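1. generate coordinates for the sequence data below:
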Amino acid sequence: MRTVILSAASPELPSLEALAEILKTELARGGDTAVRSFELATTKLAYCQGEFDCWVKTPGVCRAVDAEHEIVQAIHDADRLVLLDAVTFGGHSYTLKRAQDRLICLLMPFFETRSELTHHGARYEAPASLCALGWLPAPDLEQTRTWIALADANAVNMLAPRVGAAVADDADRGAWPQAVRAMLASTEHPGNRIHARGPLRLALTEVARPAAGIGLPAHTRTAAILIGSAKIKGTSASESLARALASRLEGEGVATEVHFATEFVHERGTALAAAGAIAAADLCVLVTPLYVDALPALATHALELVARARVGSPRNARFAAVVNSGFPEPEQNRTALRIARHFAERAGYQWAGGLPLGGGGVIDPKVALDDQHGPTEHIKRALDVAAVALGRGDGVPMEALELMMESPLPDVAYRVIGDLGWRYQAHRNGLAQRALKARPLDRRPR
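-> Okay, the predicted model is just below:
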């Protein structure tokens, strides 16, 4: 058994370091003779910029040259991948997410259906099983549920043959070895509890609803919108959504600032100043793409810093999230919205609700959203309704949620058009169509 560990352990997290040692002990006890650990806290890694070059320019290879190339090759060669991390708002930390976001080169761009939803197809024949081992300082049932759900969704996405997940906490360190053994021994098939979209839609609706009792006695004065996409300004659907929402909030008399995830590349002056400005607003809205069933690495980093800046801040500020998926089904966003809601609780915000968008590929990022028509009409109407409510201090209304969850196209049509889009991009880049299915990592013997 060949195992790769992506570890976020560091001296700043001694409990996670201790958990890492138990993991290695249990792997040895189980007979793993080839274990390779990548210590991400001390590894310089670029973040995924969401340009999909690893699919349509250099298929199977990320254009950023750093340790991720070695990580991806090791995972390709492994039988099992273990993600070891401090549970962060129910999901992964920025430290680990930088590496995870860039694993999409192990997949192909073309769409197929698995576990009732659209996913990308396999590039290689023998993907690794997935285990996710998290640590929390104290028991937290809801964050644990989100962690386990995220691991299952990630495993479905990556075509892992098996999935295991566990969360350890400092309240019962004696139970750690048993929890790790159970996770490693799991034979659960990813997505085996998903039999229909109905329960997924219900779960999405429940998490997207504003918290009970939401509302401020006065009109919202200030708002900060954080764009979670790492793409160049003017080229992302998230920016189109954010600017359309900002315009509507301004129309409601709300002074609105727009911030970009790229302000949070380094944990220095620019990032700290942006986090402080966001934390001081009456309303914060995250507008972000979906990356590997969760939030992108830079968006996660931004929220980590905003949570720190919110310590001691008034607790009547509100937080909402707009999550945009390139898959046709809005249900893909259910776990990401759970993470956003956990952040709101951690940072002392009132949860003002979420707007999950499926089929975000219908948005042309080079044209202002309000100048687009056809399949984007439901998006504009949803933002119209949401902005009025958020401007007056309320949460996202159910009408806005239902509008945003409308399907812009039949799912089958969206998948067909999407696949043609990948082929067209490859053609524009001078690639032969067969190159889209390249398997560059197979060039080395397994």
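2. sticking with the closest residue to residue 245 other than its chain neighbours, tell me its helix or strand.
-> Excluding the flanking residues, the one nearest residue 245 by CB to CB, 6 or more residues apart in numbering is residue 383, at 5.3 Å. (Each C-beta comes from the backbone N, C-alpha and C, glycine too.) Here residue 383 sits within helix 377-391, counting by DSSP states H and E.
3. which other residues reach that helix?
-> 219-220, 223, 241, 244-245, 248-249, 251-254, 283, 285, 318, 320, 352, 355, 357, 363, 369-370, 395-397, 399-401, 403-404, 406, 408 (CB atoms under 8 Å, 6 or more residues apart in numbering).
4. which of these are buried? Put it as a PyMOL command.
-> This is the PyMOL syntax for the buried subset of these, where burial follows 16 or more other CB atoms under 10 Å:
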select buried, resi 220+223+241+244+245+248+249+252+254+283+285+318+320+352+355+357+363+369+395+396+397+400+401+403+404+406+408
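5. the contacts of helix 377-391 in helices, which ones?
-> When DSSP state H is applied, these are split such that 241, 244-245, 248-249, 251, 399-401, 403-404 fall in helices.
6. now the residues you listed as TSV including distance to residue 151?
-> Below are these laid out as TSV (distance: CB to CB, whole Å):
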residue	distance to residue 151
241	28
244	34
245	32
248	37
249	36
251	42
399	34
400	31
401	26
403	31
404	27
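7. quick one on the thing from earlier: burial count for the residue nearest to residue 245?
-> The number of residues packed near residue 383 is 25, by other CB atoms under 10 Å.
8. now it: how far from residue 363?
-> Distance, residue 383 to residue 363, by CB to CB, to the nearest Å: 12 Å.
9. same question, residue 252
-> Per CB to CB, residue 252 is found 23 Å from residue 363.
10. okay, now the unreliable bits of the chain?
-> In the predicted model, the chain carries pLDDT under 70 at residues 215-218, 314, 443-446.
11. quick one, helices of the stretch 51-200 of the chain?
-> 53-56, 68-77, 94-101, 141-157, 176-185, 197-208 (DSSP state H, counting those that start in this stretch).
12. specify the angle between the second one and helix 94-101 in degrees.
-> Calculated by axes from the mean of the first three to the mean of the last three CA atoms, to 10 degrees, helix 68-77 forms an angle of 60 degrees with helix 94-101.
13. and the contacts of helix 68-77?
-> Taking CB under 8 Å, 6+ apart as the rule, helix 68-77 contacts 2, 4, 6, 36, 38, 45-46, 61-62, 81, 99, 102-103, 105-106, 124, 128, 441, 444, 446.
14. just checking, residue 328 touches residue 358?
-> Yes - contact criterion CB atoms under 8 Å: residue 328 and residue 358 qualify, at 5.2 Å.
15. list residues touching both of those two?
-> Common neighbours of residue 328 and residue 358 (CB under 8 Å, 6+ apart) are residue 407.
16. of the two, which one has the most company?
-> Counting neighbours by other CB under 10 Å for residue 328 and for residue 358 shows that residue 358 has the greater number, 29 against 26.
17. before we move on, the earlier item: point out the most buried one among the helices of the stretch 51-200 of the chain.
-> helix 94-101 (a mean of 25; mean count of other CB atoms under 10 Å).
18. tell me what angle that one forms with helix 141-157.
-> Using the same axes, to 10 degrees: helix 94-101 against helix 141-157 is 20 degrees.
19. can you show me the strands along this structure?
-> Applying DSSP state E to the chain gives strands spanning 2-7, 34-39, 80-86, 107-114, 117-122, 129-136, 163-169, 222-227, 255-260, 283-289, 318-324, 350-357.
20. quick revisit: who touches both of residue 383 and residue 363?
-> Counting by CB under 8 Å, 6+ apart, the common neighbours of residue 383 and residue 363 are residue 241.
21. picking up where we left off before, just the buried ones from the contacts of helix 68-77?
-> Buried residues within the contacts of helix 68-77, counting neighbours by 16+ other CB under 10 Å: 2, 4, 6, 38, 45-46, 61-62, 81, 99, 102-103, 105-106, 124, 128, 441.
22. next up, the contacts around the residue nearest to the spatial centre of the chain.
-> The residue lying closest to the centre of the chain (CA atoms, centre = their mean) is residue 294, at 1.9 Å. Residue 294 makes contact with 91-92, 97, 150, 300, 335-336, 339 under the criterion CB under 8 Å, 6+ apart.
23. how about it, nearest residue that isn't a chain neighbour?
-> residue 91 (4.7 Å).
24. contacting residues for the one you found?
-> When contacts are taken as CB under 8 Å, 6+ apart, residue 91 is in contact with 97, 146-147, 150, 294-295, 300, 335, 339, 342.
25. could you rerun that using 10 Å?
-> 85, 97, 100, 132, 134, 143, 146-147, 149-151, 154, 292-295, 300, 335-336, 338-340, 342-343 (CB atoms under 10 Å, 6 or more residues apart in numbering).
26. thought residue 322 was touching residue 225, still the case?
-> Yes - judged on CB atoms under 10 Å, residue 225 makes contact with residue 322 at a distance of 9.0 Å.
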